[in-house]
Structure formats: C-alpha cells, structure tokens
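Visitor: sharing a model prediction with you, sequence too.
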Amino acid sequence: MKQHTLHADRHHFHWDNQLPAALELEPGDEVELAIIDASDGQIRRDSSAADLGRLDFSRVNPVSGPITVRGAEPGDALVVDILELELGEWGWTGIIPGFGLLASDFPDAFLLISRYDASGIEFLPGVRVPTRPFIGTIGVAPAAPGQHSVIPPRRVGGNLDCRDMLRGTRAYFPVEVSGGKLSVGDTHAAQGDGEVCGTAIETALRVRLRVGLEKQRPLRYPQLEVPEVAPSGPAPCGSFVTLGIGPDLLVAARDAIREMIDHLMKEYGLSAEQSYCLCSVAVHLRLSEVVDAPNWVVSAYLPNWLFPRRKR
C-alpha cells in the first residue's frame, strides 16, 4: 500500500472518460487530496451577494482527478473508504439566481459567510450548526463519450450531495471505463438532507481516501456502508416538522420547505433568504409516505437544538 498526494490544481469541470489521469493507484493505495470549494475560489471570505451573482459557471463544482486504479474494468466496482476529512475555517452558503428547489421564489442572489471550528459553525448570530463535513461530489467516469456536466448526479455517482459521504463511510461505484477514473469535489462543512437552496456550507477540505477494487461486482448505482457513529436521521432532541402533501413529490417537497420558511420567519424573526439558506444546511427532507395514492407526503425536519432559547 502506497500513499499519494493530489494537489488542488489537478482538477477538471466535466465528466469525460478521455481526460488523462492525474494519478494512478494500485488497489488498496491511499491518496490525500486538497479539494477546492464549489466556486473554484470565486467566493472569498469578504465576498458579497454581488460576487455570487457574477459567478463564472464554467468554473462551478470543480472535481479533483481523475484517478485511475490499475486493473479496474467495466463490470467491476471501485471501493472508496473515506479515512479523513480535515476542516478549514470558513465556508459559504448562497442563493444563486435560477438554481435551487425554490428558484422561482428567490430570484435574487444572497450570500452568507460562515466561520467554524471543530465545535460548530456560527451560521447566523445566535444560530450554531454542528460541523459534519462530507464529500458532495464523488464518482467515476461514465462510458458515454464526450463532456458531461458535473452538476447533475449520474448512475456512476457525481454530485450526489449525500450527507453520509463522511469519515468512516465506505462507498462502491460501478466502473464503466478502464481504470475507473475517480474524481472528488464539492466538499461541505454541513448540509441538510435535500440541500434545498442549492448550496450547503461550501468549503475547501483536505480529504484522505483508500481506494480499492472488487472484480466482477456489477452495480446499477453507487452503494454506501455508513458508520453507526454518524446517523443521518433527525437529532435525538426532537424536531419541528412541516409537511407537503400531494400527487407530485417535488411539489410536495417545495411545499414542505415553504411551510418551514414561513415558520422560521414567524417564530424566530429570520428573513426569507436566511430561512431558505438555513433549511439548506440544517433541515432534513424525508419521504414519509409514497403508497397511499393519489397523494404522497414529504416532511421537513427542523432539529430543536438549533433554537434552544430563541423562540420569541
């Protein structure tokens, strides 16, 4: 087993199975990657909403790699163990015009800069969110030729934004091209299930992985083994829950979040934009019911620990 390093400048902005490898590993090798944030450094500690509105979208969501694994062939599975995620000191959450679950409700750019350490994130004055760093984008190259956007997730992984892609998790990815061509990016300090405003607490992280190979393990989609120490369910202290109900799950999800935004504004005096961003980093969307036709239920969980003494 060897240890390798991949520096922050070895990144790309599209899935493309013809990209040359930035690094080649033997199965079982470890690699440390310096991951840049989802804006590719365009958002800084002193940035404003105007900077967010001027984003160069050709540079959004860079991923480090690709990393090839010797012996990986279509029909195999890459096995990725997330060994370490080293936090920085700050991150950002933004509303990007035209993007997010409620894009039509929030047409203007809005930006929050968070400072954090291992004890938590100062998201808003008096509102602290626990740090829970994870990898937002991780996957392998698709077999389809040409360049493909990094923004939507794919059957080979990519921009999954699964908040359980954290330290201690083992992930499996279906190999579609020789070498697999693994890439990693879009790291977060915290996020709610759903990432509803389109961004989490976006941040640069230092990531250490072990990359293995399972021969002849064909997968249709990625799979995860998540450590017991990092449950993804609502906080044990209880939650306030809003519901969206109807025949369309996406519409129901929007309604659940709209109800939660209304609750945060009325009960805690937050602005609509602050509430929407807080939903993205700390509120968890759940599919509560998908069997009682014609209507389904989507629930939004607000952990009680966010506002232990602020209710007015």
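Guide: The structure has been received and is ready for your questions.

Visitor: can you tell me how far Thr93 sits from Gly75?
Guide: 40 Å (CB to CB, to the nearest Å). Using the backbone N, CA and C atoms, a C-beta is placed for each residue, glycine as well.

Visitor: more neighbours: which of these two?
Guide: Thr93 (30 against 13; other CB atoms under 10 Å).

Visitor: list the contacts for that one?
Guide: 111-112, 114, 123, 197, 199-202, 277, 280-281 (CB atoms under 8 Å, 6 or more residues apart in numbering).

Visitor: just those: which are in helices?
Guide: Among the contacts of Thr93, DSSP state H puts 277, 280-281 in helices.

Visitor: of those, closest to Val298?
Guide: Of all the ones in helices among the contacts of Thr93, Val298 sits closest to Ser280, with 15.5 Å by CB to CB.

Visitor: what about that closest one, neighbour count?
Guide: 26.

Visitor: pull up the distance across stretch 30-42, start to finish.
Guide: 30 Å (CA to CA, to the nearest Å).

Visitor: got it, and stretch 120-131?
Guide: With CA to CA applied, stretch 120-131 spans 5 Å between its terminal residues.

Visitor: now it: average pLDDT?
Guide: Across stretch 120-131, the average pLDDT comes to 93.

Visitor: mind listing what's buried in that stretch?
Guide: 121, 123-124, 127-131 (16 or more other CB atoms under 10 Å).

Visitor: shaky segments in the stretch 101-250 of the chain?
Guide: Scanning the stretch 101-250 of the chain for pLDDT under 70 picks out 229-236.

Visitor: where along it do the strands fall?
Guide: 110-117, 120-124, 127-129, 134-140, 148-149, 157-159, 170-174, 182-188, 205-214, 223-225, 239-246 (DSSP state E, counting those that start in this stretch).

Visitor: in a markdown table: these, plus distance to Trp305.
Guide: A markdown table is the format used below for those (distance: least, CB to CB, whole Å):
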| stretch | distance to Trp305 |
| --- | --- |
| strand 110-117 | 16 |
| strand 120-124 | 10 |
| strand 127-129 | 9 |
| strand 134-140 | 19 |
| strand 148-149 | 36 |
| strand 157-159 | 28 |
| strand 170-174 | 28 |
| strand 182-188 | 19 |
| strand 205-214 | 24 |
| strand 223-225 | 25 |
| strand 239-246 | 9 |
